[in-house]
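# Coordinates only, no sequence provided:
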């Protein structure tokens, strides 16, 4: 019984994707009973009790050891497993991410639990286990999988569940998990992150540019539009391959897979590999000078024309509308 | 040093996915199968390491039925020294991880490499599971990997950037670009691949935890609404009132 939710933080604030995981955990507890407990490691802002509580957890276990701020995989896995044991949780929920994916895999082995990943909706009960819809072939298809019951680790994609906001403030319980030697073989020297930007996998709106932008010097236009939207910026594979933009902005089958509410593609033709990374977006807008660009077939709204004329107008129209 | 590179056998990334009429199986007709695109990066880096460090041996490992052998031969043509095929259908992550673990613990491998995820089920869990079973560090997605004796320096991609990491062998890594450039087999590689050893082993029994059920394709989008380039304001209005996304 009981559902544990691992909550990733960014500068001490719970990530939006992790809050969705809390709401997903709440749905699992409605099926299976038991309480929903959040687990936060490292620095945590005081406001978290309210946001995590609203999303559906009744209490939050918190180990404030700053070592965890480095995002260490093995110690985090041990802490999640310890919390699973101490709370007697049969279920653990993770939101897909570079730390959580690695931790979910390790915890599934520690706990001898089933791992159901890339879930796109809340599972239903089926016998002792669950029936769960997951995204496969990089978003090109959906599978209804049968998940063995007992202990289960759920890993969800953005948008798998609606974020709930009707819960009351959670209680925060300080705790401390032992760090063991065997888990500390990895030394993170430092991380390099673009400051102040909206994180691509978390973003509700993504604005991406392709080869049609003609060069990295023209990216200010893409960034201005993204700023007007409060969006993250992405790019196509050729753009990242040519070094116009860093690899972590590459959206597509072999890059970041996104599922925002709105995806705006500028000067991207829409190769099948790019579409695989964006086709779970709710609404897609395509701006391309080639009316035959395959992306228009996968879009909801399209404009045929010169991006260099249209994008600034789009930015202005957006600013005017706000 | 011995490197184990785990490769998956998956449809080419340009494949338009379709299923058999009962929606229980992938329709393989006309589908070109390849080494998983991320696994291809792992293999390329392993072969580069072999070229840099004398005495390095690269073994390719695949969990699959006999139809994966052309894919394994391609890995040999790219530069793996030998290969192992575990004769079983790769049912789920934990099943595959257990097969890799069996090979890893009975062999003398210091570095286990694979792609960050397979491009069919995208779970990205196998490297982490194998690392946990072995009690080794497991890191993914790795974009840069340098060896200096036992010491390893690597770069791992995180949301919005990357982190620099130091650790030591043995480790398990899930790879992605730009760790190495994909290698295209040359004629000599293709010829020698025919005679390189490919051992077939039976699988250890392991119950899958997640069983495939019905497949379906995502709902198609309705036709694209075209907007006059002279009237971009209309698009903003539609996004607000019709699509309700801003």
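Here it is on my side, so go on. Given the structure is predicted, the values throughout are model-derived calculations rather than measurements. Numbering: from 1, shown residues only, chains lettered A, B, ... in the order given.

# Pull out the buried positions in the strand or helix carrying residue B:60.
Secondary structure assigned from DSSP states H and E places residue B:60 in strand B:57-64. Buried residues in strand B:57-64, counted by 16 or more other CB atoms under 10 Å in any protein chain shown: B:58-64. (Each C-beta comes from the backbone N, C-alpha and C, glycine too.)

# so what's residue B:131 closest to, chain neighbours aside?
In space, and not counting its chain neighbours, residue B:131 is closest to residue B:138: 2.6 Å by CB to CB, 6 or more residues apart in numbering or on different chains.

# The one you found is in contact with residue B:170, isn't it?
No - using CB atoms under 8 Å, residue B:138 is not in contact with residue B:170, being 10.5 Å away.

# Name the residue in these two with the higher neighbour count.
Using other CB atoms under 10 Å in any protein chain shown as the criterion, residue B:138 and residue B:170 rank with residue B:138 on top: 25 against 20.

# so the more buried one bridges to which residues?
Note on residue B:138: beta-bridge partners residue B:172, judged by DSSP bridges.

# Name all residues that make contact with it.
A:73-74, A:102, A:105-106, B:127-128, B:130-132, B:171-174 (CB atoms under 8 Å, 6 or more residues apart in numbering or on different chains).

# ditto for residue A:180
Neighbouring residues of residue A:180 by CB under 8 Å, 6+ apart: A:75, A:78.

# Backbone dihedrals for it, please?
Per-residue torsions, residue A:180: phi -110, psi 150 (degrees, to the nearest 10).

# May I have the phi/psi pair for the residue in chain B that chain A sits nearest to?
Residue nearest to chain A within chain B: residue B:128 (2.9 Å; CB to the nearest CB). Backbone geometry at residue B:128, expressed as degrees, to the nearest 10, gives phi -70, psi -40.

# Name the SS class of the residue nearest to it when sequence neighbours are not counted, please.
By the measure of CB to CB, 6+ apart, the closest residue to residue B:128 outside its immediate chain neighbours is residue A:105, 2.9 Å from it. Three-state assignment for residue A:105 (DSSP: H, G, I helix; E, B strand; the rest coil): helix.

# what about whichever residue of the stretch 201-322 of chain A sits closest to chain B, how many neighbours?
Using CB to the nearest CB, the point where the stretch 201-322 of chain A gets nearest to chain B is residue A:305, with a distance of 3.5 Å. Per other CB under 10 Å, the neighbour tally for residue A:305 reads 19.

# any chance you could map the helices in the stretch 151-300 of chain A?
Secondary structure of the stretch 151-300 of chain A (DSSP state H, counting those that start in this stretch): helices located at A:219-229, A:237-241, A:272-278.

# Which of the ones you listed sits closest to residue A:316?
helix A:219-229 (8.4 Å; CB to CB).

# Can you list the helices and strands that that closest one packs against?
strand A:205-209, strand A:232-235, strand A:262-266, helix A:307-321 (3 or more CB pairs under 8 Å, 6 or more residues apart in numbering or on different chains; DSSP states H and E).

# picking up where we left off before, can you name the residues that contact the residue nearest to residue B:128?
Going by CB under 8 Å, 6+ apart, residue A:105 touches A:115, B:93, B:124-129, B:132, B:138.

# could the residues you listed be laid out in TSV, adding distance to residue B:7?
Below are the contacts of residue A:105 laid out as TSV (distance: CB to CB, whole Å):
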residue	distance to residue B:7
A:115	21
B:93	15
B:124	15
B:125	16
B:126	12
B:127	13
B:128	18
B:129	17
B:132	21
B:138	18
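
# Is residue 130 part of a helix or strand, or is it coil?
The chain I'm using is chain A. With three-state DSSP as the basis, residue A:130 sits in strand.

# Ramachandran coordinates for the residue lying closest to it once chain neighbours are set aside?
Closest residue in space to residue A:130, ignoring its immediate chain neighbours: residue A:123 at 3.9 Å, by CB to CB, 6+ apart. Residue A:123 has phi and psi values of phi -70, psi 160 when expressed as degrees, to the nearest 10.

# My read is that residue A:165 contacts residue A:52, right?
No - Residue A:165 is beyond contact range of residue A:52, at 11.5 Å (criterion: CB under 8 Å).

# When these two are compared, which one has more neighbours?
Neighbours per residue (other CB under 10 Å) separate residue A:165 from residue A:52, with residue A:52 holding more: 27 against 11.

# Could you count how many residues lie near the spatially closest residue to residue B:56 that is not a sequence neighbour?
Once flanking residues are discounted, residue B:56 sits nearest to residue B:50: 4.2 Å by CB to CB, 6+ apart. By other CB under 10 Å, 18 other residues sit near residue B:50.

# ok, now the one 5 residues further on?
Other residues near residue B:55 come to 7 when the count uses other CB under 10 Å.
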